[in-house]
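A.B. asks: give me coordinates for this.
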Amino acid sequence: MVADSPLVPILAERPELRAFVERGRVVRMPSEPRLLEQLYRVLAEIVEAGTELTEDEVNRAIVVVHDDPAQIRRGLVDRQLLDRSPGTLSYRRSTA
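C.D. replies: Below is the predicted model of the structure:
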């Protein structure tokens, strides 16, 4: 685990997800639905809360920990962990 990865403090409380992270980056997605949901919740935490962000800002936050920020961004939106403003490219971390 890389000490400056934003996943370090989050995964400290979720050791069951460490198998999917190497050197501070997600290297594979879990096949078990429960773990996949947990990992997406962890990934949502790296997106700044309480602020409207552009798609590029969201991608820059995600690319630090995953090679495919678009895949993760879409997964976060699909799981309602990240809200996308209709007709725009602005996002906000969900409060639910």
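A.B. asks: switch to C-alpha atoms for all contacts and neighbour counts from now on
C.D. replies: OK.
A.B. asks: does residue 64 touch residue 23 like I think?
C.D. replies: No. The pair formed by residue 64 and residue 23 falls short of the contact definition of CA atoms under 8 Å, at 11.1 Å.
A.B. asks: tell me who's in contact with the most centrally placed residue in the chain.
C.D. replies: Nearest to the geometric centre of the chain sits residue 43, at 2.1 Å (CA atoms, centre = their mean). Residues near residue 43 by CA atoms under 8 Å, 6 or more residues apart in numbering: 7, 62.
A.B. asks: 10 Å - rerun?
C.D. replies: With contact taken as CA atoms under 10 Å, 6 or more residues apart in numbering, residue 43 is in contact with 6-7, 10, 26, 37, 61-62, 65-66, 72-73, 75-76, 81.
A.B. asks: just give me the closest of the residues you listed to residue 92.
C.D. replies: Closest approach between the contacts of residue 43 and residue 92, by CA to CA: residue 81, at 8.9 Å.
A.B. asks: from residue 30, how far out is that closest one?
C.D. replies: Between residue 81 and residue 30 the distance is 18 Å, computed by CA to CA, to the nearest Å.
A.B. asks: look at those two and report which has more neighbours.
C.D. replies: Taking other CA atoms under 10 Å, residue 81 and residue 30 do not tie; residue 81 has more neighbours (22 against 15).
A.B. asks: which residues are common contacts for residue 64 and residue 23?
C.D. replies: Common contacts of residue 64 and residue 23 (CA under 10 Å, 6+ apart): 5, 7.
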